[in-house]
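Undergrad: Prediction below, plus the sequence it came from.
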Amino acid sequence: MNPDDYAADFTAKDYDYWLDLMLDNVPDDIDEREGSIVYDAVAPAAMVMAQQSLSMANIIKQTYVKTAQGQFLDYRAAEHGTARYVATQTEVKAKFLDSDGNPINNVQIGDQFASIGETPIFYTVQKINDDLTGEMTSDEPGTTANSYIGQVMPVTSNDALNWAEITEIVAPARDEETDDHLRDRLLRSDDWIAYGGNITDYLAMLSKIKEVGAGQVYPVWNGAGTVKLVIVDNNLMPASDSLVKKVKSIIDPVDGEGEGYGLAPIDHQVTVVAPTPLTVNVSATVNIDGAHSIDAVKTKIKTAIEEYFKLLRQTWNTVDPKTGRGYSQTIYKSKVLSQIMMIDGVVNASVPKLNNADNDIVLTFTNQTSQLPILGEVVLDG
């Protein structure tokens, strides 16, 4: 009997099971009908036994990584020498101007700003650059601040300030790691050992940099001792120049290439780049029934296709399962079509074209180019 069977067996032992079991052991000449002395005496015990059975089933489930949840899974992670990834804070770049539109020089580290809106996002200045722009982080961890670009209001008083604006999301944040993601890491963590600059070692390095959402590793891409890391941010979009420089400085600083000053082993020369965005335009003819709004249905179709592309980016760093080496990914017309056909109101649709062609798109993953699928225009006729 496996753990799932044990848990199911305990779960099946509910109130009625324990009540019937105890009443079956009462002599036949004693009244055991509902309301009798014996029935009223054993019924509370049956309830307690049923609760204990559920507790035992839960204990079995929380014992194993495959079924553990929440803090129980956190404890199992600690046994594997790792921990759940915590939520991070969004890093942004901002400009601070006076009434003439010139940068001001009296914004200080620690000054606070807030976004415009019903639910403001608060930011704290972490660094002032030479051009008097500032680098700020959101006070609250999580992905809420990942999409805000625009005016911010000073929380810290500053008489010289006339305008403050977030101009760039330098490093999007991530939410706390889910149980499913952590469980997946734990169950596959023993497949390969991270050691001495092997591929798993570099993936482990990237996983410890909170601004990196995922990465690909290309060993010996430009000769012996060379390693290329292709990284995306926590939004699974191409890493910004600032993030690329930060990762490079952590793993193999420019001043000490191959000399072991970063995380990379001695003699490893590491190049860090962002992937090449591959914008894919989708076009199809769609027939919509008369019971649904055409505009509403088209909006849902575009959202569904975008979800498919998000899924592609989530598996962008998956090693080719056929070869066990390198990366492979294809954008299938049939899967785009399935996203269209699942929308309520769609009665028929043509096989979509990708970038005005009738072929599936096989992404390029080579030592020189690593493509990342980005949804472009979605044109729906009919």
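TA: Perfect, thanks for sending it. Numbering: from 1, shown residues only.
Undergrad: Please make it C-alpha for all contacts and neighbour counts, starting now.
TA: OK.
Undergrad: Now V232: which helix or strand?
TA: In the assignment (DSSP states H and E), V232 maps to strand 226-233.
Undergrad: tell me which strands and helices that strand is in contact with?
TA: For strand 226-233, the helices and strands in contact under the criterion 3 or more Cα pairs under 8 Å, 6 or more residues apart in numbering; DSSP states H and E are strand 212-219, strand 269-273.
Undergrad: Measure how far the first one is from the centre of its chain, please.
TA: Computed by Cα atoms, centre = their mean, to the nearest Å, the chain-centroid distance of strand 212-219 equals 15 Å.
Undergrad: Would you mind giving the orientation angle of that strand with respect to strand 226-233?
TA: Relative orientation of strand 212-219 versus strand 226-233 (axes from the mean of the first three to the mean of the last three Cα atoms, to 10 degrees): 160 degrees.
Undergrad: and the angle for strand 212-219 with strand 269-273?
TA: With the same axes, to 10 degrees as the criterion, the two stretches strand 212-219 and strand 269-273 enclose an angle of 130 degrees.
Undergrad: Return the list of strands paired to strand 212-219, each annotated with direction.
TA: Strand 212-219 has these partner strands in its sheet, going by DSSP bridges: strand 226-233 (antiparallel).
Undergrad: Quick check: what element follows the partner strand along the chain?
TA: Assigned by DSSP H and E, the successor of strand 226-233 is helix 241-251.
Undergrad: quick one on the thing from earlier: export the strand holding V232 as CSV, just CAs?
TA: Listed next in CSV are the C-alpha coordinates belonging to strand 226-233 (Å, rounded to 0.1, in the frame of the first residue of the first chain):
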residue,chain,number,x,y,z
THR,A,226,33.8,30.2,-22.4
VAL,A,227,30.2,30.2,-21.0
LYS,A,228,27.2,32.2,-22.3
LEU,A,229,24.3,32.9,-20.0
VAL,A,230,21.1,34.2,-21.6
ILE,A,231,18.7,35.6,-19.0
VAL,A,232,15.2,37.0,-18.7
ASP,A,233,13.7,39.1,-15.8
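Undergrad: Need the per-residue pLDDT for S189.
TA: On the pLDDT scale, S189 is placed at 57.
Undergrad: swap in the one 5 residues further on?
TA: You'll see A194 listed with a pLDDT of 75.
Undergrad: Pull out the buried residues from the strand ranked longest in the chain.
TA: Residue-count comparison of every strand in the chain, with assignments taken from DSSP state E, identifies strand 276-288 as the longest. Applying a neighbour-count criterion of 16 or more other Cα atoms under 10 Å, one finds 276, 280-284, 286-288 buried in strand 276-288.
Undergrad: right, and out of these, which lies closest to A173?
TA: Taking Cα to Cα as the measure, T276 is the one of these closest to A173, at 21.4 Å.
Undergrad: which residues touch that closest one?
TA: Residues counted as contacts of T276 (Cα atoms under 8 Å, 6 or more residues apart in numbering) are 238, 369-372.
Undergrad: I'd like the residues you listed written out as JSON lines, with secondary structure and distance to W18 added.
TA: Supplementary listing: the contacts of T276 in JSON lines, determined by DSSP: H, G, I helix; E, B strand; the rest coil; distance: Cα to Cα, whole Å:
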{"residue": "P238", "secondary structure": "strand", "distance to W18": "59"}
{"residue": "T369", "secondary structure": "coil", "distance to W18": "65"}
{"residue": "S370", "secondary structure": "strand", "distance to W18": "61"}
{"residue": "Q371", "secondary structure": "strand", "distance to W18": "60"}
{"residue": "L372", "secondary structure": "strand", "distance to W18": "58"}
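Undergrad: hmm, who's touching stretch 4-23?
TA: For stretch 4-23, the surrounding residues in contact (Cα under 8 Å, 6+ apart) are 32, 39, 42-43, 46-47, 49-51, 53-54, 56-58, 60-61.
Undergrad: Any quick ChimeraX command for the buried ones out of those residues?
TA: The command below creates a ChimeraX selection of those among those that count as buried (16+ other Cα under 10 Å):
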select :32,39,42,43,46,47,49,50,51,53,54,56,57,58,60,61
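Undergrad: Need the max-distance pair from the contacts of stretch 4-23.
TA: Within the contacts of stretch 4-23, E32 and K61 form the most distant pair, 35.9 Å apart (Cα to Cα).
Undergrad: What's the separation between M49 and P321?
TA: 48 Å (Cα to Cα, to the nearest Å).
Undergrad: before we move on, the earlier item: would you mind checking the contacts of T276 for buried ones?
TA: 238, 370-372.
Undergrad: Rebuild those residues as CSV, extending it with distance to A204 and pLDDT.
TA: Supplementary listing: those in CSV, determined by distance: Cα to Cα, whole Å; pLDDT from 0 to 100:
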residue, distance to A204, pLDDT
P238, 19, 96
S370, 20, 97
Q371, 22, 97
L372, 21, 97
